[in-house]
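Sequence and predicted structure below; questions after.
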Amino acid sequence: PKGLAETLDLRKGDDRGRIYRITGAQPRRVSGTWPGEMDILQLVELLQHPESWWRETAQRLLIERKDRTATEPLRRLARGGRTPLTQIHAFWTLEGMGALDFDVIGEALQNPRNPRLREHAIRLAELRSGELLNLAQMAVTDEDPRVRFQAALSMGNLPSDKRHARVLFGVVWKDQADEWMQIAVLSSSNGIAGKLLQDIVAHPFDFLREPTAAKATFIGRLGSIVGARRDPDEIKVFLNTMTDRPVDLETWWQLAAVTGLADALRASGKKLDDVLDDSNDDMKRAAQRVYELTARAREIARDAARPAPERTSAIKLMAHAPFSEIREQFQSLLQSQQPVEIQLATVRALATVNDPAVGPLLVEDWASHSPPVRREVLESMFSRRERIEQLLDAIEAGTLKAADLDLNRHQQLLNHSVKEIKDRAQIL
């Protein structure tokens, strides 16, 4: 800051040297041999040191030297080190030396005492062989969540023809409400998402009996993976899974599945109707089910007695219908009498619709919207240039006031890259 040099002596203390290390009042002196001077057996023993610097330095030196006389001592340490941390160091040192074998990892994978050993064994299995990773699939039922999480992630390294959807479903069943566990399963379901849905539907424990937001989210994401891949065979398996199930009793998850599929197809430039326009008999049955669901979505969305997750899924699917057909119903779902959750779902669904009539509808009842709904409306209005212009039109018409926009939105308009928008914003 200005004037600092006048008030402080910036050269004070420069005759006293530099600070090299800060220690306690009674520092412990390091004595003995340094790691670089140790032989191989001493370095292996140093992996049991309580301080990380010594362990990590010993591990580095062992890997750099690649002395095979360290292999057996390291294997003994991996099987019976004083602490799990020591064993983990031994595992990765062997891996770095290219000396880690099947037996050591297999034993760690079945260690009943420490879950961190099992977790690292799964990670090491990825690097070794497909056969060993198949054994690691057993870990998806492990009692420790981090082990299950790692197992779900690691399964993605197997070829799709060797991955078992029912194993991934075991993780979903046990950790269905865990966001990160869902992501881990989904990351490994590429290429088998349709089969995974089949296993979910056919599971004897009836995963689909009780609708929850977490389950609907997972199934919707599963549909998104299938849609993003645009594999006709996988889409067929995915859609045909629904055709043998009752639409009346299981509407909620079927809505989520089709919506996820349709959203992903739209993001890649395709429409769900394009996929359903197939002369294949199986696809005809699937198309009929989708049309039934689309019709039921409109009924469900307006039914206040339905669970919120089911209504939300219905609203999302409605957004894929021609806007002229669903405008009036969306207008009613934006009314203040609807629960805020339903209003927000409606605004988010409308945000994905590419129609110039969406913007005016969103701001039509601005005065009656609650603050959360207003924030979501503005998010949608600022997502496209044409809607920004419609927002400025609404301000000019008095539908809403410039003061209703926060400072960040003001700055966004006043500094807009499009000159016409910037000029209008400055006038308003």
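Structure received.

For the stretch 251-400 of the chain, just list every one of the strands.
Counting by DSSP state E, counting those that start in this stretch, the stretch 251-400 of the chain forms no strands at all.

where does it have low pLDDT?
Along the stretch 251-400 of the chain, the model assigns pLDDT under 70 to residues 278-279.

swap in the stretch 101-250 of the chain?
Within the stretch 101-250 of the chain, the set of residues satisfying pLDDT under 70 comprises 128-136, 204-205, 249.

can you list contacts of the longest helix along the chain?
Using DSSP state H, we find that the single longest helix of the chain is helix 281-302. The list of residues contacting helix 281-302 from outside it, by CB atoms under 8 Å, 6 or more residues apart in numbering, reads 236, 239-240, 242-243, 247, 251, 254-255, 258, 272, 275-278, 306, 310-311, 313-315, 317-318, 320-321, 326, 329, 332-333. Just so you know, the C-beta spots here come from the backbone N, C-alpha and C atoms, and that holds for glycine as well.

Ok, stretch 197-214 next?
Taking CB under 8 Å, 6+ apart as the rule, stretch 197-214 contacts 165-166, 169, 172-173, 176-177, 182, 215, 219, 222, 237-238, 241, 245, 250, 252-253, 257, 307-310, 312.

Now find how far off-centre it is within its chain.
Here stretch 197-214 is found 20 Å from its chain centre; the criterion is CA atoms, centre = their mean, to the nearest Å.

Endpoints of that stretch, how far apart?
15 Å (CA to CA, to the nearest Å).

ok, now stretch 195-215?
Using CA to CA, the end-to-end distance of stretch 195-215 comes to 17 Å.

Stretch 380-388 too?
Stretch 380-388 has its terminal residues 9 Å apart, counting by CA to CA.

Please enumerate residues in contact with stretch 229-249?
Residues from elsewhere that reach stretch 229-249 (CB under 8 Å, 6+ apart): 190-191, 193-195, 197-198, 201, 222-223, 226-227, 254, 257-258, 261, 265, 268, 270, 275, 280, 282-283, 285-286, 288-290, 292-293, 296.

ranges for the helices of the stretch 1-150 of the chain?
Using DSSP state H, counting those that start in this stretch, the helices of the stretch 1-150 of the chain run over 4-7, 40-46, 52-65, 71-80, 84-97, 102-109, 115-128, 130-136, 145-154.

Which among those is found nearest to Val418?
For Val418, the closest of these is helix 145-154, at 43.6 Å, according to CB to CB.

Please find the angle between the direction vectors of the closest one and helix 115-128.
Put simply, helix 145-154 runs at 10 degrees to helix 115-128, going by axes from the mean of the first three to the mean of the last three CA atoms, to 10 degrees.

still on that earlier bit, show the buried residues in the contacts of stretch 229-249.
In these, burial by neighbour count holds for 191, 193-195, 197-198, 201, 222-223, 226-227, 254, 257-258, 261, 265, 275, 283, 286, 289-290, 293, 296, counting by 16 or more other CB atoms under 10 Å.

mind listing which of these are in helices?
Counting by DSSP H, the buried ones among the contacts of stretch 229-249 contribute 193-195, 197-198, 201, 222-223, 226-227, 254, 257-258, 261, 265, 275, 283, 286, 289-290, 293, 296 to helices.

Which helix or strand contains the residue most central in space within the chain?
Centroid check for the chain by CA atoms, centre = their mean gives Ile183 as the closest residue, at 4.2 Å. With secondary structure defined by DSSP states H and E, Ile183 is part of helix 179-187.

List the contacts of the nearest residue in space to Glu310 that is not next to it in sequence.
Closest residue to Glu310 apart from its sequence neighbours, by CB to CB, 6 or more residues apart in numbering: Trp252 at 4.1 Å. Residues in contact with Trp252, defined by CB under 8 Å, 6+ apart, are 211, 216, 307, 309-310, 313.

thinking again about what came up before, mind putting the helices of the stretch 1-150 of the chain in CSV, mean neighbour count included?
Shown next, in CSV, are the helices of the stretch 1-150 of the chain (neighbours: other CB atoms under 10 Å):
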stretch, mean neighbour count
helix 4-7, 8
helix 40-46, 17
helix 52-65, 16
helix 71-80, 17
helix 84-97, 21
helix 102-109, 18
helix 115-128, 21
helix 130-136, 17
helix 145-154, 22
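
about what we covered before: not counting the helix holding Ile183 itself, show me its contacts.
So helix 179-187 is contacted by 145, 148-149, 152-153, 156, 168, 171-172, 175-176, 214, 217-218, 221-222, 225 (CB under 8 Å, 6+ apart).

Quick check: buried residues in whichever strand or helix holds Met242?
Per DSSP H and E: Met242 is located in helix 232-243. Buried residues in helix 232-243, counted by 16+ other CB under 10 Å: 234-243.

Ok, stretch 399-413 next?
For stretch 399-413, the neighbour count (16+ other CB under 10 Å) marks 399-400, 404-405, 409, 412-413 as buried.

got the CA coordinates for it in CSV?
C-alpha atoms of stretch 399-413 as CSV (Å, rounded to 0.1, in the frame of the first residue of the first chain):
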residue,chain,number,x,y,z
THR,A,399,-45.0,-6.6,-16.6
LEU,A,400,-42.0,-6.4,-14.4
LYS,A,401,-39.7,-3.7,-13.2
ALA,A,402,-36.0,-3.2,-13.8
ALA,A,403,-35.6,-3.1,-10.0
ASP,A,404,-36.8,-6.8,-9.9
LEU,A,405,-33.5,-7.8,-11.5
ASP,A,406,-30.5,-8.0,-9.1
LEU,A,407,-27.2,-6.2,-9.6
ASN,A,408,-25.6,-9.2,-11.5
ARG,A,409,-28.4,-9.3,-14.0
HIS,A,410,-28.2,-5.5,-14.5
GLN,A,411,-24.5,-5.8,-15.2
GLN,A,412,-25.1,-8.8,-17.5
LEU,A,413,-27.5,-6.6,-19.6
